[in-house]
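# Give me a 3D structure for the following:
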Amino acid sequence: MSQSQPQPQPQPQSKSKSEQWQCENATAGAAAGFATVAAMHPLDVVRTRFQVNDGRVSTLPSYKNTAHAIFTIARLEGLRGLYAGFTPAVIGSTVSWGLYFFFYDRAKQRHSKNKEGKLSPGLHLASAAEAGALVCLCTNPIWLVKTRLQLQTPLHQTQPYSGLYDALRTIMREEGWSALYRGIIPGLFLVSHGAIQFTAYEELRKGIIDFKSKDRNKDSESDDKLLNSVDYAVLGASSKIAAVLLTYPFQVVRARLQQRPSSDGIPRYMDSWHVVKETARFEGVRGFYKGITPNLLKNVPAASITFIVYENVLKLLKMARRKD
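Just a heads-up that it's a prediction; the model follows:
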């Protein structure tokens, strides 16, 4: 700890430490993303199928509720159906979380240069929004493929994709490269999801640290020692609930846009506004919240897992760096 506040050093060494810190954040984020997907993927499949089932023409079976959906998919499609789209989900989530934490940390460092290391809620929001937009642009093709693989069923009339590579190749051949960015507009609006979640997380985290440190004489570098895995679980779940409730309609719009076109090559929905109009016309407000139950069942514990893994992996990396 005696080296925690060193005297001013040459700029190259400072920059190296900054880069090392960013890599640690990216590594912790990637580990968190993989753990989340592995544990919660079947609920993600169910959520996606509820989101796109508008009650009209559909190749999907009719599900009564989340439990019935899981049972039906397991019975008709087996474990393979429950884990449809698992490969792009793992790649997408791991890459997304890794990039998200990396971009988020860099944005916070840039915004805090003239703020004595302390960020306001507005700057936390701006940092999270910036990170989310960059991640969205990088990963939209992966999420498009994941959605399409999750919607493939034995009733599907179009030649199914055999996997991630086949899906990308077929989409490029049949629909062009621009199809890989279907759903990018609601995807960018969904940046607000991460922004809301991370802002809520940071503010709640500071509140818990302040509460726990009232009767303790600890410096700011020991803040992370005041929190344990239970705290991270509560923080992750609470921030996720707020984000889901406020941004869920954008997820429905994106999922419906990303469906595979029919055999004649005509998309079910032409653009985001078309989805909004048709959903409001035929389903009302409830249509924009289809699948929210499995979404909450998936994302609330998933957020807890994500932040438990992220914070603890980050602690381990910090300890290893200090030993070196």
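# What is the subsequent helix or strand relative to the least confident helix or strand in the chain by mean pLDDT?
Every helix and strand in the chain was compared by mean pLDDT, DSSP states H and E; the lowest is helix 11-52, with a mean of 75. Following helix 11-52 in sequence order, the next helix or strand is helix 66-82 (DSSP states H and E).
# Could you look up the next helix or strand downstream of that next one?
Following helix 66-82 in sequence, per DSSP H and E, is helix 86-111.
# Can you spell out which helices and strands pack onto that following helix?
Contact here means 3 or more C-beta pairs under 8 Å, 6 or more residues apart in numbering; DSSP states H and E; on that basis helix 86-111 packs against helix 11-52, helix 121-150, helix 164-175, helix 292-323. In short, each C-beta sits where N, CA and C put it, glycine included.
# what about the least confident helix or strand of the chain, distance to the chain center?
A distance of 8 Å separates the C-alpha centroid of helix 11-52 from that of its chain, computed with C-alpha atoms, centre = their mean, to the nearest Å.
# between it and helix 86-111, what angle do the directions make?
130 degrees (axes from the mean of the first three to the mean of the last three C-alpha atoms, to 10 degrees).
# where in the protein is pLDDT low?
1-18, 21-22, 29, 33, 57-58, 114-117, 156-157, 215-224, 324 (pLDDT under 70).
# hmm, back to that, the least confident helix or strand of the chain packs against which elements?
For helix 11-52, the packing partners by 3+ C-beta pairs under 8 Å, 6+ apart come out as helix 66-82, helix 86-111, helix 121-150, helix 229-257, helix 292-323.
# possible to save these as CSV with mean neighbour count and distance to residue 41?
Formatted as CSV, the helices and strands packed on helix 11-52 follow (neighbours: other C-beta atoms under 10 Å; distance: least, C-beta to C-beta, whole Å):
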stretch, mean neighbour count, distance to residue 41
helix 66-82, 16, 7
helix 86-111, 21, 6
helix 121-150, 21, 9
helix 229-257, 20, 16
helix 292-323, 19, 8
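# what's the closest of the ones you listed to residue 24?
helix 292-323 (4.3 Å; C-beta to C-beta).
# Could you list every helix and strand in contact with that closest one?
Partner elements for helix 292-323 (3+ C-beta pairs under 8 Å, 6+ apart): helix 11-52, helix 66-82, helix 86-111, helix 229-257.
# Out of those, flag the one nearest residue 197.
helix 229-257 (3.9 Å).
# quick check, distance from stretch 174-185 to the centre of its chain.
Worked out by C-alpha atoms, centre = their mean, stretch 174-185 lies 20 Å from the chain centre.
# how about the CA coordinates for that stretch, as PDB?
Provided in PDB are the C-alpha atoms of stretch 174-185 (Å, rounded to 0.1, in the frame of the first residue of the first chain):
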ATOM      1  CA  GLU A 174     -29.400 -13.500 -50.000                       C
ATOM      2  CA  GLU A 175     -29.900 -10.000 -48.400                       C
ATOM      3  CA  GLY A 176     -26.700  -8.100 -48.700                       C
ATOM      4  CA  TRP A 177     -24.400  -6.800 -46.100                       C
ATOM      5  CA  SER A 178     -26.900  -4.100 -45.000                       C
ATOM      6  CA  ALA A 179     -29.100  -6.900 -43.600                       C
ATOM      7  CA  LEU A 180     -26.500  -7.500 -40.900                       C
ATOM      8  CA  TYR A 181     -27.500  -4.100 -39.500                       C
ATOM      9  CA  ARG A 182     -31.200  -4.700 -39.300                       C
ATOM     10  CA  GLY A 183     -32.400  -3.500 -35.900                       C
ATOM     11  CA  ILE A 184     -29.500  -1.100 -35.500                       C
ATOM     12  CA  ILE A 185     -31.800   1.900 -34.800                       C
END
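# Could you check that stretch and say which residues are buried?
179, 180, 182, 183, 184, 185 (16 or more other C-beta atoms under 10 Å).
# Which of these fall within helices?
184, 185 (DSSP state H).
# okay if I get the buried residues of stretch 174-185 as JSON lines plus distance to residue 313?
Output for the buried residues of stretch 174-185, formatted as JSON lines (distance: C-beta to C-beta, whole Å):
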{"residue": "179", "distance to residue 313": "36"}
{"residue": "180", "distance to residue 313": "31"}
{"residue": "182", "distance to residue 313": "34"}
{"residue": "183", "distance to residue 313": "31"}
{"residue": "184", "distance to residue 313": "30"}
{"residue": "185", "distance to residue 313": "34"}
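# ok, back up a step: got the helices and strands packed on helix 86-111 as CSV, with distance to residue 276 columns?
Output for the helices and strands packed on helix 86-111, formatted as CSV (distance: least, C-beta to C-beta, whole Å):
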stretch, distance to residue 276
helix 11-52, 14
helix 121-150, 18
helix 164-175, 22
helix 292-323, 17
